[in-house]
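Visitor: Sequence below, structure please.
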Amino acid sequence: MPGGDPVSLQRKTAVQWLLLSLINLGCIGAWLYSPVPFKNNSNFHTLSQQWLDDQSQLNTEEYLTVNANRMTHSTIESLNGKFRHATLTADITQSGNDALQVQVVRAKLSQDRELFAIEKTPELFFRRQYVVQEGSTLNYSLLATPSENTLCFFLHEMDRLRCMNH
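Guide: Residues are numbered from 1 along each chain as shown. Down below sits the predicted model:
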């Protein structure tokens, strides 16, 4: 029979629906069990490396401090022996178990033309222009982690997922 055995097809469909249902239940459970991902005055840190189009390597070290009303996000980037520092201080305007919205109060940036070169990272350059403007609003989606020593978040305006540890 073309198209296969109808009983086999029904079984495959039932298995697919069962798997989709289990995935959905898992997502709902994770949403309901979203613990607060940080304690007041928590400090987090991460290191990352990114290969650019010209085969140079951008090394990034990030620090994040969060308390009830304020957040500070500091970044140190190095590229070809040159360093750039950026520190954003932001007031927390909305917070919940799974989201954080902040408004940038102060942005302090070092100057290095190579690290700001549009031709090396054009997409990142334009996103940064918004993020480092005083008064801009940033939206973080916080992801539940099994440890209070780890904070994972997605920064919507940078289209960036980060996990940081104490």
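
Visitor: Next up, the contacts around the spatially closest residue to residue 78 that is not a sequence neighbour.
Guide: Ranked by Cβ to Cβ, 6 or more residues apart in numbering and with sequence neighbours excluded, the top spatial neighbour of residue 78 is residue 59, at 4.7 Å. Just so you know, the C-beta spots here come from the backbone N, C-alpha and C atoms, and that holds for glycine as well. Contacts for residue 59 (Cβ atoms under 8 Å, 6 or more residues apart in numbering) come out as 47, 48, 49, 77, 78, 79.

Visitor: Going by neighbour count, which of these are buried?
Guide: For these, a burial check counting by 16 or more other Cβ atoms under 10 Å picks out 77, 79.

Visitor: and which of the contacts of residue 59 is nearest to residue 143?
Guide: Closest to residue 143 out of those is residue 48 (16.7 Å), distances taken as Cβ to Cβ.

Visitor: quick one: that closest one is in a strand?
Guide: Yes - assessed by DSSP: H, G, I helix; E, B strand; the rest coil, residue 48 belongs to a strand.

Visitor: Quick check: what element follows the longest strand along the chain along the chain?
Guide: If you go by DSSP state E, the chain has its longest strand at strand 82-95. The helix or strand immediately downstream of strand 82-95 is strand 99-109, counting by DSSP states H and E.

Visitor: In CSV, could you pull the C-alpha coordinates for stretch 98-106?
Guide: Extracted C-alpha coordinates of stretch 98-106, given in CSV (Å, rounded to 0.1, in the frame of the first residue of the first chain):
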residue,chain,number,x,y,z
ASP,A,98,12.2,35.4,34.8
ALA,A,99,12.8,38.9,33.6
LEU,A,100,14.7,42.1,34.4
GLN,A,101,14.2,45.5,32.7
VAL,A,102,16.8,48.2,33.4
GLN,A,103,17.4,51.7,32.3
VAL,A,104,21.0,52.8,31.7
VAL,A,105,22.0,55.6,34.1
ARG,A,106,25.7,55.8,33.2
